[in-house]
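> Task: produce atomic coordinates for the following.
(2 chains)
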Amino acid sequence: MSKGVLVDVSRCIGCRSCMVACKTWNDLPATKTEFTNNWDAPGKTDAYNWTVVNYHLIEQGDQVKWRFVKRQCMHCDEPACESACFTHSFVKTKEGAVIYKPTELNQDYCVGCRYCMVACPFGVPSFQWDKSLPYVQKCRFCYDRMKEEGLKPACVTACPTGTLKYGEREELLKEAWQRINSNPNYIKRVYGEKEYGGTSWLYISDVPFDEIGLKTTAYGKPVSEKSIPSYTWNVLKWTPYIFVGWGAILTALNFYTKRRDEVHHHEDMYEAVNTIEEKKDE
Amino acid sequence: MQKSWSFKLTPFRYLLIGLVGIAIVVALARLVFGLGAVTNLSDEWPWGLWIGFDLLCGIALAGGGFSTALIVHVLHKEKYLPIARAALLTSLIGYVIALVSLLMDIGRWTNCWRPFFYWGFHSVLFEVFWCISLYTTVQVLEFGDIFFERVKIGPLKNILSKAMVPLTILGIVLPTLHQSSLGSLYIVTVDRLNPLWWSMIIPFFFVWSAFFLGPAMVTIEGTLAARAYNRKPETEVFSSLTKVTMCMLIVYFIVKMIDLNYRGVYSMAFNGSFESNMFLVEMIVFVLVPIFMYAIPAIRNTQWGVFTASVLVVVGVVFNRMNVVFTGMAQSAGGHYFPSIWEWLITLGMWSALALAYLFVVENFPILVKEDHEQEGLSSGKSVSTGRSVEA
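As a prediction, the model looks like this:
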């Protein structure tokens, strides 16, 4: 019963209600914005902006289109952050949310190594750089609303245009394909269906995904459809065998080339260098 | 004849002590005010100088410990005994540096003991953390064997001597695992790290390069120590060790080429981008050139030749780690990162502390080979090597 949200980019008007709702529900402090050359303010999610709406001006032939894309944690089915964390500080809940346990469940054993940030293919987890003992922060899918009160995430509730739809991931996926197949304007792809093993947040769009900031290729190749933990596990699973096997080989080698202890007496061989002594001698 | 503890203070050492002092102050400020106040790290660049240089390179540079241990204590190539202790010492200090930089770098440092109790075994970092902690312990015990030659506590020395064989083997298995897992850390950066460096066999490249770096590091360190203490460098030992390094460099190069070809990114090395140029420099200057220098006896057998080639190998491994952490990640990370003055000061202080610790230990503990036996030792070492190689 993993939940998800379907984001229909073609319906978004860029009102940013979702950002405000997120801030309000989660008691996030306001951040000072700056004038920049684009319309994003702020442009990227960080520790105090768990969701942002990015503005994209798309030129198609002689047509110019505005598209607005809400970004937040994608809540991967098999999250890279969870597999990267060596203190179990992230968990994918059965409801579908990927949550950070130190702040969500008061299980405070995160050491702040930030490997989750290195690992996340979407660059989502953020650090409280202004704190002396910082936490990692990111969208938590309003896990508290979802779990205890059966409510939709704050952003979905606030959306006035039906851009965001909350529900069972599987059903949303069906609906997404229905919309795509019934309207030729849509790109024939649900972003999040397969990317990095699938995510709880699904995007459909009438303009190409890479033009609205959703990563579809990396270094000239399509992004991976395998989950990131499956890569690491392919390597990690060998650890015990290497430990035992290599240890056995070394032990065998050690006995095979057995040293004759009487040849070298370490105490006679080495000595401390003493510069003061040398000075005196001179 | 027991000399008293000694540490002669020279102007250079005062400078080092000063740098350590400054670093301690900055480190305290960092622990109190947090990472953001002291470093230039950001959400785009969560890992910077301390992880990239002090940890990844510090650990790699400490590779001399396990490769020498393998050659000397497991394969019993005893002609290399003269360098064994110095290698162990540098390695131990390198690991302490790595642990300190790790403590500096973790944001919630008051939780630094937690990973011992919450086992995130699906994380590569878990393996790195445990192996580094355990291996540092093993090295301290290995060093204990030397320590108790100076500080005579009979029973402890005896216990340690008996444990030496299993400790030595553990002291090779653990670093093998985590040198490779330092590479595995970057497996997780699928689609983020440039494919010239990202590979499923990056763990192999890391452990292999840490191993061949060992003899080169020992050469540099031995040459510097010889110069500092007006001793005769063990050039013969060093140039003989080059065989190990050269063969491993060749294998490294071939595997690298096969890997690039297999993943179909060979052409990326020549597309003229910044990344591709850095990669070419890494491969040509720091892999191919040392191979040729080691291959030519006229270069290999001279002191400057073996030293220069070794410097290239060591710098090359550092260069490789830097490429993985910074160059290869730059495109996907966006933003920019350059370490702040405070990050530099802490790094400088840590490496100064390393130098001071090394100087203190070699001047007070039996680490380097006895000088007055030098001539004898070298010639007998020669006969030992020729005489024994038949047996071994």
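
> where in the stretch 1-150 of chain A is pLDDT low?
Counting by pLDDT under 70, the stretch 1-150 of chain A contains no low-confidence range.

> ok, 80 please
A:1, A:33-34, A:36-42, A:149 (pLDDT under 80).

> tell me which parts of the stretch 1-150 of chain A are close to chain B?
Contacts of the stretch 1-150 of chain A with chain B, taken as C-beta under 8 Å from any C-beta of the partner chain, map to A:44, A:46-47, A:80, A:82-88, A:108-115, A:117-119, A:121, A:123, A:126-135. (C-beta placed from N, C-alpha, C; glycine too.)

> my guess is A:Trp177 contacts A:Lys188, does it?
No. The pair A:Trp177 and A:Lys188 fails to qualify as a contact (C-beta atoms under 8 Å) at a distance of 9.2 Å.

> higher neighbour count, those two?
A:Trp177 (16 against 9; other C-beta atoms under 10 Å in any protein chain shown).

> what's near enough to touch residue 93?
All of this refers to chain A. Shown in contact with A:Thr93 (C-beta atoms under 8 Å, 6 or more residues apart in numbering or on different chains): A:99, A:143, A:147.

> if you could check chain B rather than the one you did, that'd help
B:62, B:354, B:357-358.

> Could you pull up the mean pLDDT of the host helix or strand of it?
Taking DSSP states H and E as the criterion, B:Ile93 maps to helix B:81-105. Averaging pLDDT along helix B:81-105 gives 86.

> Kindly tell me how buried A:Lys174 is, as a neighbour count.
11.

> how far away is it from chain B?
Using C-beta to the nearest C-beta, to the nearest Å, one gets 28 Å for the distance from A:Lys174 to chain B.

> Show me what A:Val7 bridges to in the sheet.
A:Leu164, A:Tyr203 (DSSP bridges).

> where do the strands sit along the stretch 51-200 of chain A?
For the stretch 51-200 of chain A, applying DSSP state E, counting those that start in this stretch gives strands covering A:52-60, A:63-71, A:90-92, A:98-100, A:126-127, A:136-137, A:164-168.

> list the contacts for the residue lying closest to B:Gly65 once chain neighbours are set aside?
Nearest residue to B:Gly65 in three dimensions, chain neighbours excluded: B:Ser91, at 2.5 Å (C-beta to C-beta, 6 or more residues apart in numbering or on different chains). For B:Ser91, the contact set (C-beta under 8 Å, 6+ apart) comprises B:62-66, B:139.

> and residue 175, how many residues sit next to it?
No chain specified, so I'll use chain A. Counted with other C-beta under 10 Å, A:Glu175 comes out at 17.

> could you do chain B instead?
Counted with other C-beta under 10 Å, B:Pro175 comes out at 30.

> quick one: it and B:Cys131 touch, right?
Yes. At 7.2 Å, B:Pro175 and B:Cys131 qualify as touching, with contact defined as C-beta under 8 Å.

> longest helix of the chain?
Unless you meant another one, I'm taking chain A. helix A:239-256 (DSSP state H).

> oops, chain B please
Chain B, longest helix under DSSP H: helix B:154-184.

> neighbours around B:Ala295, how many?
By other C-beta under 10 Å, 15 other residues sit near B:Ala295.

> Same question for the one 4 residues further on.
By the criterion of other C-beta under 10 Å, B:Ile299 has 17 neighbours.

> again, but for the one 4 residues further on
Neighbour count of B:Gln303, defined by other C-beta under 10 Å: 15.

> Likewise for the one 4 residues further on?
Applying other C-beta under 10 Å, we find 19 other residues in the vicinity of B:Phe307.

> If you drop the residues flanking it in sequence, what lies closest to the residue in chain B that chain A sits nearest to?
Closest approach of chain B to chain A (C-beta to the nearest C-beta) occurs at B:Gly107, with a separation of 2.4 Å. Nearest residue to B:Gly107 in three dimensions, chain neighbours excluded: A:Gly112, at 2.4 Å (C-beta to C-beta, 6+ apart).

> roughly how far apart are that neighbour and A:Pro102?
A:Gly112 is 10 Å from A:Pro102, where distance means C-beta to C-beta, to the nearest Å.

> the more surrounded of the two?
Neighbour totals were compared for A:Gly112 and A:Pro102, and A:Gly112 leads with 26 against 19 (other C-beta under 10 Å).

> What residues does that one make contact with?
By C-beta under 8 Å, 6+ apart, the neighbours of A:Gly112 are A:127, A:133-136, B:35, B:106-109, B:111.

> Okay, and which of those residues map to helices?
B:Leu35.

> Tabulate the contacts of A:Gly112 in CSV, adding columns for distance to A:Asn254 and neighbour count.
Formatted as CSV, the contacts of A:Gly112 follow (distance: C-beta to C-beta, whole Å; neighbours: other C-beta atoms under 10 Å in any protein chain shown):
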residue, distance to A:Asn254, neighbour count
A:Phe127, 46, 24
A:Leu133, 46, 16
A:Pro134, 47, 20
A:Tyr135, 47, 18
A:Val136, 45, 26
B:Leu35, 44, 29
B:Ile106, 37, 20
B:Gly107, 42, 24
B:Arg108, 42, 23
B:Trp109, 39, 18
B:Asn111, 39, 20
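
> could you say what helices and strands the strand or helix carrying A:Trp233 packs with?
Taking DSSP H and E as the criterion, A:Trp233 maps to helix A:228-236. Other helices and strands packing on helix A:228-236, by 3 or more C-beta pairs under 8 Å, 6 or more residues apart in numbering or on different chains; DSSP states H and E, are helix A:80-84, helix B:124-150, helix B:154-184.

> hmm, back to that, so what's in contact with A:Gly112 and A:Pro102 at the same time?
A:135-136.

> how about the strands of chain B, start to end?
Secondary structure of chain B by DSSP state E: the strands cover B:368-369.

> pull the helix or strand with minimum mean pLDDT from it.
Lowest by mean pLDDT, DSSP states H and E among the helices and strands of chain B is helix B:374-391, with a mean of 38.

> filter the contacts of A:Thr93 to the buried ones?
Neighbour counting over the contacts of A:Thr93 (16 or more other C-beta atoms under 10 Å in any protein chain shown) leaves A:99, A:143 as the buried ones.

> And the contacts of A:Thr93, which is closest to chain B?
A:Ile99 (15.4 Å).

> That closest one: what's it in contact with?
By C-beta under 8 Å, 6+ apart, the neighbours of A:Ile99 are A:90-91, A:93, A:105, A:140-141, A:143.

> Just those residues: which are in helices?
A:Tyr143.

> Among the contacts of A:Ile99, give me the pair with the biggest separation.
A:Leu105 and A:Phe141 (14.1 Å; C-beta to C-beta).

> These two: which has the busier surroundings?
Taking neighbours as other C-beta under 10 Å, A:Leu105 and A:Phe141 compare with A:Phe141 leading, 27 against 12.

> how many neighbours does residue 54 have?
Assuming you mean chain A. 20.

> wrong one, chain B
Neighbour count for B:Asp54, taken as other C-beta under 10 Å: 25.

> how near is it to A:Trp66?
To A:Trp66, B:Asp54 is 47 Å away according to C-beta to C-beta.

> what do you get for B:Leu31?
Counting by C-beta to C-beta, the gap from B:Leu31 to A:Trp66 is 47 Å.

> if you count what's nearby, which of those two comes out ahead?
B:Leu31 (16 against 12).

> In this structure that one contacts B:Arg108, no?
No. If you go by C-beta under 8 Å, B:Leu31 and B:Arg108 don't touch, sitting 11.1 Å apart.

> how's chain A carved up into domains?
Listed by automatic domain parsing, the domain ranges of chain A are A:3-79+A:120-227, A:238-282.

> picking that back up, among the residues of the stretch 1-150 of chain A next to chain B, name the buried ones.
Of the residues of the stretch 1-150 of chain A next to chain B, these count as buried by 16+ other C-beta under 10 Å: A:44, A:46-47, A:80, A:82-88, A:108-115, A:117-119, A:121, A:123, A:126-129, A:131-135.

> got the contact list for the residue nearest to B:Ile169 when sequence neighbours are not counted?
Using C-beta to C-beta, 6+ apart and skipping residues adjacent in sequence, the residue nearest B:Ile169 is A:Leu250, 4.8 Å away. Contacts for A:Leu250 (C-beta under 8 Å, 6+ apart) come out as B:70, B:74, B:169, B:172-173.
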